[in-house]
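A.B. asks: this one's sequence-less:
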């Protein structure tokens, strides 16, 4: 297939390609790259695979999409990345908020049990 030379790739990190790697590859019609997901089935290799492959897509996502036959003009390319990158950024914010809430609840639970306000303290009767 002929590459689109008239599409200018955006520069920078792509949160959409990083976090939604499989849908991203399907969206830009890079089906052959999906074969790399078979490495995720190999124990111990799968951890390195996810880190390396997702970082690769985060760095090179814009370039891969610009070379894809999926987009016929710049507006399609820009719209595709607007949706994917916004979804990726929203997912990052949601995950950070969930982790912060979990950390706050964990610290509150540990502090509460340290000072005798834990759930176990009402059942425990010292003699």
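C.D. replies: That came through, no problem. Model, not experiment: these values are computed from the prediction. Residues are numbered from 1 along each chain as shown.

A.B. asks: quick one: buried residues of the helix or strand hosting residue 23?
C.D. replies: Residue 23 is part of helix 21-27 when elements are defined by DSSP states H and E. Neighbour counts over helix 21-27 (16 or more other C-beta atoms under 10 Å) mark 21, 24-25, 27 as buried. Where you see a C-beta, it was placed from the backbone N, CA and C, and this is true even at glycine.

A.B. asks: which elements pack onto the next helix or strand along the chain from that helix?
C.D. replies: Where DSSP H and E defines the elements, the next helix or strand beyond helix 21-27 is helix 45-66. Packing partners of helix 45-66 (3 or more C-beta pairs under 8 Å, 6 or more residues apart in numbering; DSSP states H and E): helix 15-19, helix 21-27, helix 74-114.

A.B. asks: mind redoing it with 6 Å?
C.D. replies: helix 15-19 (3 or more C-beta pairs under 6 Å, 6 or more residues apart in numbering; DSSP states H and E).

A.B. asks: who are the packing partners of the helix it packs on?
C.D. replies: By 3+ C-beta pairs under 6 Å, 6+ apart, helix 15-19 packs against helix 45-66, helix 74-114.

A.B. asks: of all those helices, which lies closest to residue 38?
C.D. replies: Nearest of these to residue 38, taken as C-beta to C-beta: helix 45-66 at 9.4 Å.

A.B. asks: what angle separates the closest one from helix 74-114?
C.D. replies: Note on geometry: by axes from the mean of the first three to the mean of the last three C-alpha atoms, to 10 degrees, helix 45-66 and helix 74-114 are set 150 degrees apart in direction.

A.B. asks: in contact with the residue nearest the centre of the chain, which residues?
C.D. replies: For the chain, residue 19 is the residue whose C-alpha lies nearest the centre (C-alpha atoms, centre = their mean; 1.9 Å). Residue 19 is in contact with 88, 91, counting by C-beta atoms under 6 Å, 6 or more residues apart in numbering.
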